[in-house]
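1. Provided below are the primary sequence and the corresponding predicted coordinates.
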Amino acid sequence: MTENEIAKEIVDAAYKIHVALGPGLLESVYEVVLEYELKKRGLKVVRQVRMPVVYETVKLDDGYRADMMVEDKVIVELKSMEEISAVHKKQLLTYLRLADKRLGLLINFGEALLKRGISRVVNGLQEV
């Protein structure tokens with residue numbers, strides 16, 4: 001599957017979850033439910049992925065943690081807050097660059113309308 005095909009599945013699953021559970025739960029709840037829903041769809045999902053950081057010549061194995069990695073191609077960062085800020089998108093872009101991945105999704109389950117809470121962040125991905 002391409003990054004865009006994976007993203008479509010993630011967004012569809014997030015909408016399904018948001019309709020069923022609504023906004024306002026803890027981020028950790030949405031994380032486990034999204035993992036369940038994506039695995040049900042046959043996707044490989046890893047939560048709380050330790051991502052290394054190379055600083056100078058030293059590789060630091062636990063530099064940061066991505067909320068979720070899907071099919072080893074798409075990083076998903078989840079939030080459950082009134083609104084996200086620009087720093088959250090910058091953070092995800094940095095994660096993509098450090099992990100050498102091309103697509104990330106920032107999903108804020110705290111929004112009343114989930115479509116306002118989904119942001120695509122790209123790192124060199126060709127749009128089709």
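-> Yep, that arrived.

2. got the contact list for the nearest residue to R97 once chain neighbours are set aside?
-> In space, and not counting its chain neighbours, R97 is closest to N123: 5.7 Å by Cβ to Cβ, 6 or more residues apart in numbering. Bear in mind the C-beta positions are built from the backbone N, C-alpha and C, glycine included. Shown in contact with N123 (Cβ atoms under 8 Å, 6 or more residues apart in numbering): L93, L96, R97, K101, R102, L103, G104.

3. average pLDDT for the helix ranked longest in the chain?
-> Longest helix in the chain by number of residues, with DSSP state H as the criterion: helix 3-21. Averaged across helix 3-21, pLDDT comes to 97.

4. Same check on stretch 114-128?
-> pLDDT averaged over stretch 114-128 gives 84.

5. ok, back up a step: just the buried members of the contacts of N123?
-> Among the contacts of N123, those classed as buried by 16 or more other Cβ atoms under 10 Å are L96, K101, R102, L103, G104.

6. With distance to M68, secondary structure and pLDDT as new columns, can those residues be given to me in a markdown table?
-> Converted to a markdown table, these look like this (distance: Cβ to Cβ, whole Å; DSSP: H, G, I helix; E, B strand; the rest coil; pLDDT from 0 to 100):
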| residue | distance to M68 | secondary structure | pLDDT |
| --- | --- | --- | --- |
| L96 | 13 | helix | 93 |
| K101 | 12 | coil | 94 |
| R102 | 16 | coil | 94 |
| L103 | 13 | strand | 96 |
| G104 | 10 | strand | 96 |
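
7. Closest one of these to I6?
-> The shortest approach to I6 among the buried ones among the contacts of N123 belongs to L103, at 7.8 Å (Cβ to Cβ).

8. Report the separation between the two terminal residues of stretch 17-34.
-> 7 Å (Cα to Cα, to the nearest Å).

9. Using CSV, lay out the buried ones among the contacts of N123 together with distance to R65.
-> Output for the buried ones among the contacts of N123, formatted as CSV (distance: Cβ to Cβ, whole Å):
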residue, distance to R65
L96, 14
K101, 14
R102, 20
L103, 18
G104, 14
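
10. Taking these, tell me the two that lie furthest apart.
-> R102 and G104 (8.6 Å).
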